[in-house]
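# what's the 3D shape of this:
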Amino acid sequence: MANYPIIVCDDDHDLANQLATNINSSIQNLSDDNSSYSELKERVTFVANDFAQAVGYIVANDIKNGIYFLDIELSQQSEAKNGVDLAEFIKKQDENAQIIFVTAYEKYAPLTYRRRIGAIDYISKNLSSDEIIQRLEETLRGAIDNLTNMIKYGNRNFKYKIGRNVFKVSENEVIYIENSTMQHKVHMVTDHGDVEFKGNISQVAKDADFLVKVSQSTLINPNNIQAIDTHNKLIIFDENNAITYSRSYRKVIKQLMTKFEAIDVI
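This is a model prediction of the structure:
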């Protein structure tokens with residue numbers, strides 16, 4: 001199993017060091033308690049206390065396939081670069097980056113959705129120490145699995161055709177695909193916008209095994225789910241994108257919630 005660099009950035013020195021300690025403890029627990037992770041050698045690689053320190057280390061060491069724990073508010077000064085800015089920079093440098101926001105201010109969560117950071121988790125500092133370590137174990141397991149699969153299978157692309165032209169988009173960037181209001185077409189929503197092309201849901205489902213069917217008319221990418229509202233039967237990707245799943249697919253939804261532990265259940 002490959003070793004992945006782990007970077008922490010928090011403007012509070014004590015909290016940053018405590019988080020690093022908790023991460024290392026969580027890795028040890030994961031290694032001790034699960035034979036699939038018995039060979040884990042990861043430890044926190046670097047602890048930064050501001051945007052510039054983190055950027056300097058990432059660039060100087062050409063960090064790739066990293067796991068990043070970032071506080072959103074990195075300074076008391078409103079004009080200063082924050083954790084969301086840092087996450088955007090990281091994504092440009094490290095396309096496989098696994099980003100986790102750790103903050104006491106849950107009000108900032110919508111900001112990460114609006115800017116489509118693609119964070120895999122959002123951990124509140126207000127949790128108890130035991131709860132944080134448990135959450136870290138779950139998040140680290142997800143991040144390590146994601147990176148292992150990316151390296152093993154590569155960043156695969158989803159291809160579609162408009163007219164005679166063939167286009168491609170990274171599978172990771174696909175949010176969902178649904179039937180279009182136009183006959184014989186489907187509507188695809190991605191991190192960068194949406195597009196319509198000829199096709200039908202049944203055929204797309206056969207061609208795109210990374211998507212999961214949650215109704216007769218909709219396929220979703222489970223890796224991009226932020227939350228599931230079981231009361232209203234909603235799958236939430238960000239504050240601008242949510243779809244309804246069918247009651248007949250409740251078993252599928254339960255399986256997703258079990259498999260993808262970073263998904264918030266409302």
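# Leu234 - how many residues pack around it?
Number of residues near Leu234 (other CB atoms under 10 Å) recorded here: 14. The C-beta positions use only the backbone N, C-alpha and C, and glycine is treated the same way.
# Which strand or helix spans the residue nearest to it when sequence neighbours are not counted?
Once flanking residues are discounted, Leu234 sits nearest to Ala242: 5.2 Å by CB to CB, 6 or more residues apart in numbering. Using DSSP states H and E, Ala242 falls within strand 241-244.
# And His187, by the same measure?
Using DSSP H and E, His187 sits within strand 185-190.
# on that earlier part again, which outside residues touch the helix or strand just after the strand holding Ala242?
Next helix or strand after strand 241-244 toward the C-terminus (DSSP H and E): helix 250-259. Here helix 250-259 makes contact (CB atoms under 8 Å, 6 or more residues apart in numbering) with Val212, Lys213, Val214, Pro222, Ile225, Ile228, Thr230, Ile235, Tyr245, Ile263, Val265.
# got a list of what the fourth one touches?
Meaning Pro222. Neighbours of Pro222 in contact, by CB under 8 Å, 6+ apart: Val212, Leu256, Lys259, Phe260, Ile263.
# Distance check, it against Asp238.
Distance of Pro222 to Asp238, given as CB to CB, to the nearest Å: 15 Å.
# Just name whatever secondary elements the helix or strand following the strand holding His187 is in contact with.
Counting by DSSP H and E, the next helix or strand C-terminal to strand 185-190 is strand 193-198. The contact analysis (3 or more CB pairs under 8 Å, 6 or more residues apart in numbering; DSSP states H and E) places strand 193-198 against strand 157-162, strand 185-190.
# buried stuff in strand 193-198?
Neighbour counts using 16 or more other CB atoms under 10 Å place Phe197 of strand 193-198 among the buried residues.
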